[in-house]
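# Task: produce atomic coordinates for the following.
(one chain, ligands or ions: 1)
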Amino acid sequence: MSKYPDPEKVKMTFYPMVGSVEQQFQNLLDMLLWIDVNNAAPKQVYEQLRDKYQLSHYFARDIYTVLFVSSGLITTKGGQCYLTTMGKIVLETSSPFVLLEIFEKSFAGVVGFLEVLRSKPKIKSGELIGTWYGLVKERFPKMQNWSRKTLNNQSRHRIDWLRTMKFIEIENGLFSLTESGWRFVLQNPPELIAIQKHEIIEQEKQLRKSALGDFKPFETANKIYSLRQSFARDRAFRSIVTTQYEHYCAVCGIKLPVPRGAYLAEAAHIIPKHSEGSDDPRNGLCLCRNCHWVFDEGVITVNPNKLTVMVASYLQKTDANPSIRAITKYNGNEIRSVIDIKYSPSKIALEWHSDQIFLG
Ligand SMILES: [Zn+2]
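Okay, here's the model as predicted:
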């Protein structure tokens, strides 16, 4: 007999009262919080699951294993359950996107199923697993040695998890994204999650190389990047630019970390992407979210020769209230310098921004 529950039975019994990724994610957060507060024994955790969601003992234990233990969100020590660092991150960030990112680390390739079902809705399990395997074995060379049995087991784990979290569903033997699963992939392209470190490093190499030559302000039209490559490139651009400014906002100097090691620092394109601005790091500035917005809107610019902040004159004439002063006070200040001079913002790009975007 299969060690996995019968799919139809699962549909009947898995968290029966809910129906979307958002609700299912909320259930997961509730349980994580409960575990964090109570540090209960595993048995108590699945008893809690069983009682809260009216599950059979068997399913409660299975969900405990699939959603919490295998996914690396909790660990046991001295007979008690604790949140792992990843579990804490999921709880703190409260983002299904972060959860999926973490699960992708524990179960490589899981988001590939979302990619497949986005392009091929309503397919049988054989086609789903086959297409998925073709996609992910290129990304994770280790998977090329999988036996048929391993492939079936491994894909089953991932499918179970995605079904439990309501990303995907089975109807009449055909797999598809749920309605909330569709919503999720439209807002959060799976490619963004699936990008591997080596892909970002490869793009970083290319961007660093481009920074050695003459500055080309615009992307050449014949360069077509795949969605995946362009995401990796975005991350590479962000990584180079924010590192060059040590995650400080070049205009206001704010540097704000969050516990998981990220910063409130964005890499702004001086000539924006929608104007075909290039990803050469010299077309970048590290800005906080506020300064990024006022820069993109042309409320501020950077003087191409002096590298000083210029605030649009209309704002300086306005009766200054504290929010306006929060911007106008930087007028004439020098922006922060980059660590390595060769990544200094390009004069050509800044001139373009002053001419085309700055409100003057
Ligand atoms: Zn700022």
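
# Extract the residue ranges of the stretch 201-350 of the chain that are flagged as low pLDDT.
221-227, 260-261 (pLDDT under 70).

# now the closest residue to Lys137 other than its chain neighbours: how far from Pro189?
Spatial nearest neighbour of Lys137, excluding adjacent residues (Cβ to Cβ, 6 or more residues apart in numbering): Met143 at 4.5 Å. To be clear about C-beta, it is placed using only N, CA and C from the backbone, and glycine gets the same treatment. Note on Met143: its distance to Pro189, by Cβ to Cβ, to the nearest Å, is 22 Å.

# Repeat that for Val110.
According to Cβ to Cβ, Val110 and Pro189 sit 15 Å apart.

# Just want to know which of these two has more residues nearby.
When Val110 and Pro189 are compared for neighbours, Val110 comes out ahead with 26 against 17, by other Cβ atoms under 10 Å.

# Does Gly19 belong to a helix, a strand or coil?
Here Gly19 is recorded as coil under DSSP: H, G, I helix; E, B strand; the rest coil.

# do Phe215 as well
coil.

# And it, how close does it get to the ion?
Using Cβ to the ion, to the nearest Å, Phe215 is found at 24 Å from the ion.

# correct me, but that residue touches Pro345?
No - counting by Cβ atoms under 8 Å, Phe215 stays clear of Pro345, with 9.9 Å between them.

# What segments of this structure are strands?
74-77, 80-83, 168-171, 174-177, 266-269, 284-287, 300-302, 309-311 (DSSP state E).

# Sheet partners, orientation included, of the first one?
I take that to be strand 74-77. Sheet partners assigned to strand 74-77 using DSSP bridges are listed as strand 80-83 (antiparallel).

# Going by neighbour count, list what's buried in the strand it pairs with.
For strand 80-83, the neighbour count (16 or more other Cβ atoms under 10 Å) marks 81, 83 as buried.

# Quick one: neighbours of the residue of the stretch 51-200 of the chain found nearest the ion, just the number.
Going by Cβ to the ion, the ion is nearest to Thr93 of the stretch 51-200 of the chain, at 22.3 Å. Here the number of neighbours of Thr93 (other Cβ under 10 Å) works out to 17.

# And the one 5 residues further on, by the same measure?
A count of nearby residues for Val98, using other Cβ under 10 Å, gives 16.

# what does Glu246 give?
As a burial measure, Glu246 scores 13 neighbours (other Cβ under 10 Å).

# ditto for Leu186
Neighbours of Leu186 under the rule other Cβ under 10 Å: 10.

# And it, how close does it get to Arg235?
20 Å.

# what do you get for Pro42?
Pro42 is 37 Å from Arg235, by Cβ to Cβ.

# burial count for Ile123?
A count of nearby residues for Ile123, using other Cβ under 10 Å, gives 18.

# which residues touch the residue lying closest to it once chain neighbours are set aside?
Excluding the flanking residues, the one nearest Ile123 by Cβ to Cβ, 6+ apart is Phe175, at 5.8 Å. With Cβ atoms under 8 Å, 6 or more residues apart in numbering as the criterion, the residues that contact Phe175 are 117, 122-125, 128, 159, 168-169.
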